Every structure is written in C-alpha cells, then in structure tokens.
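1. The following comprises the amino acid sequence and a computationally predicted model.
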Amino acid sequence: MSDAVVHRGDYRPPAFLVDEVDLLFRLEPDATLVTAQLRLRRNPAGEAALPLRLDGEAIELVALRRDGRALDPASYRVDATGLTLFDPPAAFALEIVTRLDPAANTALSGLYVSGGNFYTQCEAEGFRRITFFPDRPDVMARYTTTLVADRARFPVLLSNGNCVDQGAAEGGRHWVKWHDPHPKPCYLFAVVAGDLVAVRDHFVTCSGRRVALAIWVRRGDEDKCGHAMHCLKSAMAWDERVFGREYDLDVFNIAAVSDFNMGAMENKGLNIFNTRYVLARPDTASDTDYRGIETVISHEYFHNWTGNRITCRDWFQLSLKEGLTVFRDQEFSADQGSRAVQRIADVRRLRAAQFSEDAGPLAHPVRPDSYQKIDNFYTATVYQKGAEVVRMIHTRLGAAGFRAGMDRYFVQCDNQAVTIEDFLAALGEGAGVDLTPFLKWYEEAGTPEITAEESYDAASRSFTLRLRQYIPPTPGQTEKAPLPIPIRLGLLDAETGQPLALCLAGEAASLERVLLLDEAEQEWRFTGLVRRPVPALLRGFSAPVKLRGQDRARLRFLATHDPDPFLRWDCLQRDATETLLEAAAAWRSGSNLGLDAGLIAAFAAQLEQAEADPAFAAEALTLPSETQLGEEMAEIDVEALHAAREAARVAIGRALAVPLAATYERLRRRGRAAPDGGRLAGGRPRIICLPYLLPPGAAARTG
C-alpha cells in the first residue's frame, strides 16, 4: 500500500493534549513490556467532536485502562496504524500496556536491539513503535521513565532528563528512574540500555550550576573521547556567550553506537551518536574526522534550545529547527578556527549538494507543501539552504539586531511547538525590523541568478550599480516573485586595489555595506569617487545565489586585492577552473599548456598572507580537483584534465619556488599542533606547499 500524501494546508491542532507521560519498560530483547500512564485533556484549540486517535505500529496491545478501569472493547478500535477511543471524557488518565519485539525490529525505528544493547530512534515517527500515542511534534509532555532490566547484561540504563532514583529488583534485575522536567515532543524520547562505560567530566554553567557530563562507549574506546568532550564543553560555553542559552538539566549524556542508524540524534539530555562522530585519536583520525566531530557534537547540543525547548508545530516546519541549528553550528565552528575556511566549507557543500538539488527534478522549497514519506524530508534544501536563509537574516539585522531578535524568540516561544512564521515574527519584533518578506525564501524553490551592470560618470564622480535577479522555473513553480537578497558590497580602487568609501546620497560613508535587492531590478548610485572603482559583490557569500557575468580580469583582480578571504578564494577558484579547462582543451589540440602570469600572481598574493591564516592559505593554494573540473565538462577527458592540472602545478611551483619553500619551512617549524582544530594551522598548509615543489612528473595529489 502506497503512503498517502500529507499536505501542509491540512494541518489541524490535536484533539487532545498530553501533559504527563509515565513509562515503565521491562526490557527483554524479544519481548519487552511497556506500560504507559498518560494524563490527557481535550485541546481547547482542537475540534471538540473528534475522537482520540493514537498512533501505533508493529506493537501488540496487552491492556487498556481509563481512570483505573479496563475499557469495554466496544469503546475503542485497534487497527494497523493505531488506536481510536470513541467518546473520551474531557480529561482522564489512560494506561496502555504494549508488547514489542526489539530484537526483530529491523526498521531500527522505535526501540531496537543492536550489538546486544537497546537503543531508540524516535524522530520522526518512531515513538508509535513503542506505545500508542499522538505521535506528532505539537504534543509536548513531561516524561518520567523507569527502566527494568537484567543487571549483568544491561548494567547501564539511560533515558531523558535527570536520574532521580534507582535500585535492585528480583531475579538479578535492577531499575533506574529518570525524570525530564521540560515538556518535549515524543520524537525526542530516548532509551539506551547495555554494557557501556562512561568517560566523565563536568561543566559549570553561567549561573554556577554543575552539570555532569558523560560519554558512554564500549569498553576499549575510552581513550578516543577526549576531542568529543572538549567540543561539547566548548559548545556549552559558546552558546552561553553568543546566544545567552544555559543548559537546563543536571546531566548531559552522549551514547556512541557503532551501528546507530542515524548520524546523531538530539534526544533531550541523552544524545545518541554514531561512533564516527565521537571517537577520534591523533594517530588514527584525520583532520576531516576531527572537524566532523566538532560539527556534529555542537549541532546536536545546540538543538537543546533550537529544536527541543522550542520545537516544530509539524514536520513541514523542519527547517525551523534544522536550518537554524546548522547556522548555529557553522558559527560555532567559525569561532573555533578559521572563519574563512569554515565559510568555504559551508559554501562548497551548499553548491555541491543543494544547488544541484535546486536545479533538478526534485527541487523543492525550504518548507515544502507536501510529502509522501517524512524520511525523505531531510534534504540539503531543508538543512543547508535553510541555514543560508537564517544567515541572510543575520546579515540583514546585523549581529546585535540578530541577538536581540533571538532573545525575543527564546522568551516568546519557549516550551512551544511553533512555525516559521512565529520565528520570523519574534525575530523581527526583537530587532525592530519586518522580516515578513523573507518568508518567500521558505516558499520558493530554485537558486537565484544575479547579474550586474556598472557605469561611471567622471563629471559627477559617481558610480552606478544596477543589479537584476532571475529565478529559473522549478517543478510546480513556473512563476517566481523577487526575493529579498542581501548583497554585501565593497568598492576597490582600480589601480591600487585599496578599499574605497561607499557613499549613497544622504547617508554616511562606509568601507562596506549590505544592499537589499528585493525587486527584479534595482540600482544604487555611489558618489565621491575620483575614478571608476571595482565592485566586490557578495562578500562572504552573503546570499545563496549565482553571480553571473564576471570576466577573468575581474576575478583575478578581486582574488589578489579584496580584503574578504572568501571572495578571494572564490574568485581564484573560478579563475583557475576556467584556466585549467582551457588548458585541457589546448592539450587535446596539441597546443602549448603554459600558464599565464595573471593566475600565478593571484596565487602569489595568497602565499604572502599564508602565516596570517594558514588554514585559509591551504584552501586558497589548492587547485580545483580533477573531479571538480570534470563536473564542468560535457564529456570528461581524464587525460586532458590531468595534463592541464599537472602543467599548472609545475608552472606555479617554478614561478613561486622561493616563497613556497620559505613558507613550507616556517610552517614546518610550527610542528603538528593539538588535534582540536589548531592542527589545521600547521599540517595541511605544509602539505599543500610541498606538491608545488616536486619535480615535473611526480605523482602529486594536491586536491
């Protein structure tokens, strides 16, 4: 049977709310009994005539009681997808006993057994595989969970919240009771039970509370948790400093599972991770492994406020938690190391995954209007483009305005299930700016294309910049309305490359400003310029758009002179890509593969600044890979691409041999730094320098 299509416009508030959930698990791999005690009341905002519908799949109903009495079978119905109670009272207690087979749960949704241990995965709709429940994110309840299991096989019993009691039971069993005082949707429920050991630490919050931290792993992995613990503590401190968010429980647990079916899950107080995002040691893990751990640990922790305390009204609002939290983890990583390198990584990922998604048959808005399977909803558009929308709002408001808006959001929407409209309204109210126009970014698919026209009037010493936006048609959206696009702009002196003051009529001058392109075509006139300037558009990649029409000379000028590192890298990569593709074509025709001096000069400019930000220099000095070049060809010619790239490597190495060798030696003396992000500053730049110094024909792999 095919899944029915779910439409955003069909949303209705739940007929009943659940205030309290008390769960008792008697854990056995092939026959776990779950007793759920629910306190329910009719939702004043719901439809009064509706019966109570509880979702349930792949579970057996053992007993059902209302207010302590067994229900007449005629008063309810069980089917393959749930349980319906006819004519329930306005408020009542419901006890549900279910039996499930975690060992046979190959869907790995709900409660399952893996490697002899119990784990859960409840996002998006896994809780219905544990007990009958309104399995939707806008039903938020307080949970108390008691786990009972054999002490020898399952010495560790974990769930959400704080551990409030524990003890021994008959037959070699034991029990642990957990209570989460904060209301949450059921997709954040979690259980971990098994033979694990903890690496422990603590964190003292800004108000002086001591939070116990534990990373639970299999025996033998304890020595690989140091970086993950460092990242967790750094994220907790950063969230307090940058967003004013203090952790709200007494404990924070992470369980690392080698066969966990998701990358990581932000369950309240009990995050569950695949081991690849927790375990690392300098002698076995790469720089990429360390960065991945930093990203995922921080992302899941930041969900505590953007996703857990404030959650989604329905799954169509998924980017409300994921886009916002991706933005937060990107900003955290930028503050831990090189901001430029982090932005390059973010944009590279966006262009590779999301731009292609926007250009294909599966293009969809950040907030789609329908879905058939919720598991297919977790896309690059929802996550990465969603993060870029939040970044544009940050750019529009400025750091202080964005913080004021987020403060309002955290206060106004705390402990609620809300919508993207609620987010924009709270953010705008806090900052004093109407953000309603940015809702279009959540509603329209496609990647906008920007073109620029320039004119200079020597008599009035004025420079006019005209920008146009165009959004290609996408499936189901042939007509596109203009989007609000923040364009971060600077002007450079065409002769010296020095930054120039930007002065619009009636406004104070500044060296950089953000233009808001919110119509199909707009123009701005800058005054007080003694000669025609060179505009530097889209600094920091201030919007997820494609900028068209820049020639090679402009790219090289900006790559050499612009103060924004991301723009320098981007222009250099685009220039190098065009140059290498031309060289590949020349190789096929038997022509000379020489590299012109302009590109070499642009590389030299990056080398001169290598010690100021070695990690950025490593990115800037890396030629586009043969894979990246091949994506630009209608028919990939591997030999031609290799020959062109090798010729460029040799030409750059010969022209810049002295500064390359000097830079390599200075960075070598720094040694290999600590594996917390600082290792990038010494290791990779040296590796990048070295291939350029190898002789022609050497098997160099530099990208």
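-> Nice, I can see it.
2. can you list the domain ranges for the chain.
-> Using automatic domain parsing, the domain parsing of the chain gives 6-195, 310-443, 448-549, 551-703.
3. Same list (these) but as a markdown table, adding distance to Glu266, mean pLDDT and mean neighbour count.
-> For glycine as for every other residue, the C-beta is placed from the backbone atoms N, C-alpha and C. Putting those into a markdown table (distance: least, Cβ to Cβ, whole Å; pLDDT from 0 to 100; neighbours: other Cβ atoms under 10 Å) gives the following:
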| stretch | distance to Glu266 | mean pLDDT | mean neighbour count |
| --- | --- | --- | --- |
| domain 6-195 | 7 | 98 | 18 |
| domain 310-443 | 8 | 98 | 20 |
| domain 448-549 | 25 | 97 | 16 |
| domain 551-703 | 22 | 86 | 18 |
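4. which one of those lies closest to Met265?
-> With Cβ to Cβ as the criterion, Met265 lies closest to domain 6-195 of the domains of the chain, at 6.3 Å.
5. which residues touch the residue nearest to Val545 when sequence neighbours are not counted?
-> On the basis of Cβ to Cβ, 6 or more residues apart in numbering, the spatially nearest residue to Val545 that is not a chain neighbour turns out to be Pro448, at 4.5 Å. Remark: with contacts taken as Cβ atoms under 8 Å, 6 or more residues apart in numbering, Pro448 is in contact with 469-471, 483, 485, 543-546.
6. Can you give me the distance of Pro448 to Asp55?
-> Distance check for Pro448 against Asp55: by Cβ to Cβ, to the nearest Å, it reads 40 Å.
7. quick one: contacts of stretch 76-85?
-> By Cβ under 8 Å, 6+ apart, the surrounding residues in contact with stretch 76-85 are 51-57, 61, 64, 66, 71, 75, 86, 94, 96, 128, 132.
8. Could you give the backbone dihedrals for the nearest residue to Gln37 once chain neighbours are set aside?
-> In space, Gln37 comes closest to Asp22 once its chain neighbours are excluded; the distance is 4.0 Å by Cβ to Cβ, 6+ apart. Dihedral angles phi and psi of Asp22 (degrees, to the nearest 10) take the values phi -120, psi 120.
9. List the backbone torsions phi and psi for the nearest residue to Ile310 once chain neighbours are set aside.
-> In space, and not counting its chain neighbours, Ile310 is closest to Cys413: 4.8 Å by Cβ to Cβ, 6+ apart. Backbone torsions for Cys413, taken as degrees, to the nearest 10, come to phi -110, psi 10.
10. Cys413 and Asp422 touch, don't they?
-> Yes - taking contacts as Cβ atoms under 8 Å, Cys413 lies within contact range of Asp422: 6.0 Å.
11. Pull up the gap between Glu47 and Ser75, please.
-> 20 Å.
12. Can you give the strand pairings for the helix or strand that contains Tyr456, parallel or anti for each?
-> Secondary structure here is read from DSSP states H and E; on that basis Tyr456 sits in strand 449-457. Listed by DSSP bridges, the sheet partners of strand 449-457 and their directions read strand 462-470 (antiparallel), strand 546-548 (parallel).
13. residues making contact with it?
-> Contacts of strand 449-457 from elsewhere in the structure, counted by Cβ under 8 Å, 6+ apart, are 462-472, 485, 487, 517, 529, 531-533, 535, 537-538, 545-549.
14. Restricting the selection to alpha carbons, write it to CSV.
-> Coordinates of each C-alpha in strand 449-457 appear next as CSV, following Å, rounded to 0.1, in the frame of the first residue of the first chain:
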residue,chain,number,x,y,z
GLU,A,449,20.9,34.3,-10.6
ILE,A,450,22.3,37.8,-10.2
THR,A,451,23.7,39.9,-13.0
ALA,A,452,25.3,43.3,-12.6
GLU,A,453,25.7,46.4,-14.8
GLU,A,454,28.1,49.2,-13.9
SER,A,455,28.5,52.8,-15.1
TYR,A,456,30.8,55.6,-14.0
ASP,A,457,30.3,59.3,-14.6
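15. rewinding a little: joint contacts of Cys413 and Asp422?
-> Taking Cβ under 8 Å, 6+ apart as the contact rule, Cys413 and Asp422 have no neighbour in common.
16. Could you report the separation of Ala431 from His174?
-> With the distance defined as Cβ to Cβ, Ala431 ends up 52 Å from His174.
17. Next: Leu427.
-> Here the distance between Leu427 and His174 works out to 47 Å (Cβ to Cβ).
18. So Arg461 sits against Leu529, correct?
-> Yes - in terms of Cβ under 8 Å, Arg461 counts as a neighbour of Leu529; the distance is 5.3 Å.
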